[in-house]
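K.L.:
next input, structure requested:
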Amino acid sequence: MTKGCSHIAGIQDVTPSALGCEECLKSGSRWLHLRICRTCGHVGCCDDSPNRHATAHFHATGHPVIEGYDPPEGWGWCYVDEVLFDLSKRKTPHNGPIPRYY
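P.N.:
Numbers count the residues shown, from 1 in each chain. Modelled structure (predicted):
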């Protein structure tokens, strides 16, 4: 049986906060892949990146759902319920070219 997620219903269409990981761009750090918060649009780096800013954003805000953002991957993840789900029909478009830092 597939585990459910009550947070999927709260997914928002968002505007990306930056063209890359917001915190890494400010500090000059590198990232591997990007994630976008589907509550507020914060763009952070993935857990394979040195600073794990997307997960840090979840811990700081409690915003539960991220989307694989670079490239738009068509999936979402709920940190609270630990559920992966399809967002292929609701991908967040990029608002410009994404710099590469890996």
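K.L.:
who touches stretch 61-72?
P.N.:
7-8, 10-11, 16, 20, 33-40, 42-44, 54, 57-58, 73-81, 87, 91-94, 98 (Cβ atoms under 8 Å, 6 or more residues apart in numbering). For the C-beta atoms, the positions are set from N, CA and C on the backbone; glycine is no exception.
K.L.:
need the contact list for Lys3.
P.N.:
Lys3 touches 81-83, counting by Cβ under 8 Å, 6+ apart.
K.L.:
highest neighbour count among those residues?
P.N.:
Val83 (18 neighbours; other Cβ atoms under 10 Å).
K.L.:
I'd guessed that one sits against Cys5; true?
P.N.:
Yes - Val83 lies in contact with Cys5 (Cβ atoms under 8 Å); the separation is 4.2 Å.
K.L.:
for the protein, what spans make up the helices?
P.N.:
Here the chain has its helices, by DSSP state H, at 22-27, 53-61.
K.L.:
tabulate those helices in JSON lines, adding columns for mean pLDDT, distance to Glu67 and mean neighbour count.
P.N.:
Shown next, in JSON lines, are the helices of the chain (pLDDT from 0 to 100; distance: least, Cβ to Cβ, whole Å; neighbours: other Cβ atoms under 10 Å):
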{"stretch": "helix 22-27", "mean pLDDT": "96", "distance to Glu67": "15", "mean neighbour count": "16"}
{"stretch": "helix 53-61", "mean pLDDT": "98", "distance to Glu67": "10", "mean neighbour count": "19"}
